[in-house]
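[1] Would you be able to build a 3D model of this:
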Amino acid sequence: MKFRENLTEKLIEKEVQKRVGFKVQAIRTQFKMGLDASKLADKHSWGHIQTRGFLKAFEIAHDMMEKELTMGTPHDGDFEIKIWKRKEKLVDKLTDRLLNRGTRDYDHKKSFINDSVENFIDN
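    Numbering: from 1, shown residues only. From the prediction side, this is the model:
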């Protein structure tokens, strides 16, 4: 049952990411068009102070937006990868310390340790 809930959450998260990505791309396009228009206006006004200020404001806003969009989000998957690597390291340490490699039930006991650690992390 927990697997289905987890899968549903992941599917919802992916759908939200797709929708947000689409909206962000539309906003990015609008900013790019505004920046291009302000560059064109600045070029044809020979650098008039008003068009130069408008261009500078668009450049600042565009740079700030690009920085924010390319910066990682709090939940971008890195946390889960770090937890997974730490879990693997812990399981390897425990099995190396407690079990003898090559024994008949080594894989069975290692799987039990792995499942116990994963259950501890999930709950």
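[2] and Leu55, how many neighbours?
    By the measure other C-beta atoms under 10 Å, the count of residues near Leu55 is 20. Yep, even glycine has a C-beta here, placed from its N, CA and C like the rest.
[3] Tell me the pLDDT of it.
    Leu55 carries a pLDDT score of 82 in this model.
[4] Longest helix in the protein, please.
    Longest helix of the chain, by residue count under DSSP state H: helix 2-44.
[5] just how off-centre is the following helix or strand past that one within its chain?
    Following helix 2-44 in sequence order, the next helix or strand is helix 49-70 (DSSP states H and E). Put simply, helix 49-70 sits 25 Å off its chain's centre (C-alpha atoms, centre = their mean, to the nearest Å).
[6] for stretch 86-94, same thing?
    For stretch 86-94, the distance to the chain centre is 25 Å (C-alpha atoms, centre = their mean).
[7] Which positions in it come out as buried?
    Buried residues in stretch 86-94, counted by 16 or more other C-beta atoms under 10 Å: Val91, Leu94.
[8] which residues sit against that stretch?
    Identification of contacts with stretch 86-94 by C-beta atoms under 8 Å, 6 or more residues apart in numbering yields Lys110, Ile113, Asn114, Val117, Glu118, Ile121.
[9] count of residues packed around the fourth one?
    Yep, that's Val117 we're talking about. Val117 has 16 nearby residues by other C-beta under 10 Å.
[10] Name the helix or strand for it, please.
    Element membership for Val117, per DSSP H and E: helix 106-122.
[11] list the helices and strands that helix packs on?
    helix 78-98 (3 or more C-beta pairs under 8 Å, 6 or more residues apart in numbering; DSSP states H and E).
[12] got the CA coordinates for the helix it packs on in PDB?
    Extracted in PDB, the C-alpha atoms of helix 78-98 (Å, rounded to 0.1, in the frame of the first residue of the first chain):
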ATOM      1  CA  ASP A  78      19.800  15.500  -4.400                       C
ATOM      2  CA  PHE A  79      18.600  14.900  -0.900                       C
ATOM      3  CA  GLU A  80      17.200  11.400  -1.900                       C
ATOM      4  CA  ILE A  81      20.500  10.500  -3.700                       C
ATOM      5  CA  LYS A  82      22.500  11.500  -0.600                       C
ATOM      6  CA  ILE A  83      20.200   9.500   1.700                       C
ATOM      7  CA  TRP A  84      20.500   6.500  -0.700                       C
ATOM      8  CA  LYS A  85      24.300   6.700  -0.800                       C
ATOM      9  CA  ARG A  86      24.500   7.000   3.000                       C
ATOM     10  CA  LYS A  87      22.200   4.100   3.400                       C
ATOM     11  CA  GLU A  88      24.300   2.000   1.000                       C
ATOM     12  CA  LYS A  89      27.400   2.900   3.000                       C
ATOM     13  CA  LEU A  90      25.800   2.000   6.300                       C
ATOM     14  CA  VAL A  91      24.500  -1.400   4.900                       C
ATOM     15  CA  ASP A  92      28.000  -2.200   3.600                       C
ATOM     16  CA  LYS A  93      29.600  -1.300   6.900                       C
ATOM     17  CA  LEU A  94      27.200  -3.400   8.900                       C
ATOM     18  CA  THR A  95      27.500  -6.400   6.600                       C
ATOM     19  CA  ASP A  96      31.300  -6.200   6.500                       C
ATOM     20  CA  ARG A  97      31.400  -6.100  10.300                       C
ATOM     21  CA  LEU A  98      28.700  -8.600  11.200                       C
END
